[in-house]
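S.K.: I'll drop the sequence and a predicted model, then ask my questions.
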Amino acid sequence: MIIPSFVYTTPDCEWFKMATPNSETDETRISELRREILSYRLTGVSRFGDGSRGASDPDKLDIGLVDLGESGSSVVSALRCALHGAAEHMNYDDDPEVLSSSGEQEVEYLTNSVSVVSRTISCRNNVISKDYLLDILQGLAERVGACLLLVRASLVPYFTSDVITLTTRLTGRSPISIILCDTGKNDIDRLKEYLRGNGIDDIYELPDHNIHHGPNIMPRMSSEKQLELLEMLHRCLVYNEDLATARLTEKLEVVSIR
């Protein structure tokens, strides 16, 4: 069972500012979070106990990424950087398990037990209906234990509110939001206010310069930034445990009624 190692507060990370010197406490927390995430296995319960959902292994966590910023793979590279350290280059093409596609969903692995299932919804499309969004998000929600929403600060799709509402309804929880900071602070602050107005409290910022890398190139980032992403990943693990417990409880209640 994943137990939060510290009290979570709503992140309000000013990534565009110079990082402060890292404390020994932060380095310890980074090591602890990396160890817990890298060794993660869902123990005791299965969120797919009735066999109705699509994961191939109930012990694994699939994190959903609703990509409205068309930068999902680069964000996954940033997550790998936080999880494995700021290595300059890691050749993931040697391992066929790292990247795969299922229909229009792209699956990228962070560890043997944690993957990111991305679904891009392009804001370049002229018309996006709610039925179209529901079809996409329902397929994603059926296989994930936690959900992230990626939004580019310079271009917020008109259907973003619908995506948030549908994701919340389908998963039972508001998504965690990642803002891609590719514009000025005023636009970023307006987007944060907009997201909070739509029920999202967990908001993280990712600087645009940290994701302009090739698919196998790991971005460099400070320990402070790595810690924030690790906290976000750890929260996804906690959400997955909550979901597993809730589904097991539902299953036991059904059994007891019979």
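M.R.: Good, I have the coordinates. Quantities reported herein were computed from a predicted structural model and do not represent experimental measurements.
S.K.: helices of the stretch 1-150 of the chain, residue ranges please.
M.R.: Per DSSP state H, counting those that start in this stretch, the stretch 1-150 of the chain carries helices over the ranges 24-38, 72-84, 130-141.
S.K.: right, so the ones you listed: which one is the most enclosed?
M.R.: helix 72-84 (a mean of 22; mean count of other CB atoms under 10 Å). For every residue, glycine as well, the C-beta is placed using N, CA and C.
S.K.: the stretch 1-150 of the chain: strands as residue ranges?
M.R.: 61-67, 99-102, 105-109, 114-120, 146-152 (DSSP state E, counting those that start in this stretch).
S.K.: following the host helix or strand of residue 168, which helix or strand comes up?
M.R.: Following DSSP states H and E, the helix or strand that holds residue 168 is helix 160-171. Following helix 160-171 in sequence order, the next helix or strand is strand 176-181 (DSSP H and E).
S.K.: packing partners of that next one?
M.R.: If you count contacts as 3 or more CB pairs under 8 Å, 6 or more residues apart in numbering; DSSP states H and E, strand 176-181 packs onto strand 146-152, helix 185-197, strand 203-207, helix 223-257.
S.K.: for the helix holding residue 168, what is the average pLDDT?
M.R.: Regarding helix 160-171, the rounded mean pLDDT is 95.
S.K.: quick one: closest of the helices of the stretch 1-150 of the chain to residue 109.
M.R.: helix 72-84 (9.1 Å; CB to CB).
S.K.: circling back: pick the most deeply packed of the strands of the stretch 1-150 of the chain.
M.R.: The most buried one of the strands of the stretch 1-150 of the chain (mean count of other CB under 10 Å) is strand 61-67, showing a mean of 27.
S.K.: neighbouring strands - and their directions - for that strand?
M.R.: Paired strands of strand 61-67, with direction, are strand 114-120 (parallel), strand 146-152 (parallel) (DSSP bridges).
S.K.: any chance of CSV for those strands, columns mean pLDDT and distance to residue 185?
M.R.: Formatted as CSV, these follow (pLDDT from 0 to 100; distance: least, CB to CB, whole Å):
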stretch, mean pLDDT, distance to residue 185
strand 114-120, 93, 27
strand 146-152, 95, 15
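S.K.: those strands: which one's closest to residue 77?
M.R.: The nearest among these, by CB to CB, is strand 114-120 at 10.6 Å.
S.K.: keeping just the C-alphas, turn the closest one into PDB.
M.R.: Provided in PDB are the C-alpha atoms of strand 114-120 (Å, rounded to 0.1, in the frame of the first residue of the first chain):
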ATOM      1  CA  VAL A 114       4.400   2.300 -14.500                       C
ATOM      2  CA  SER A 115       3.400   3.600 -18.000                       C
ATOM      3  CA  VAL A 116       1.900   6.700 -19.500                       C
ATOM      4  CA  VAL A 117      -1.000   6.200 -21.900                       C
ATOM      5  CA  SER A 118      -1.200   9.400 -24.000                       C
ATOM      6  CA  ARG A 119      -4.100  10.500 -26.200                       C
ATOM      7  CA  THR A 120      -3.700  13.700 -28.200                       C
END
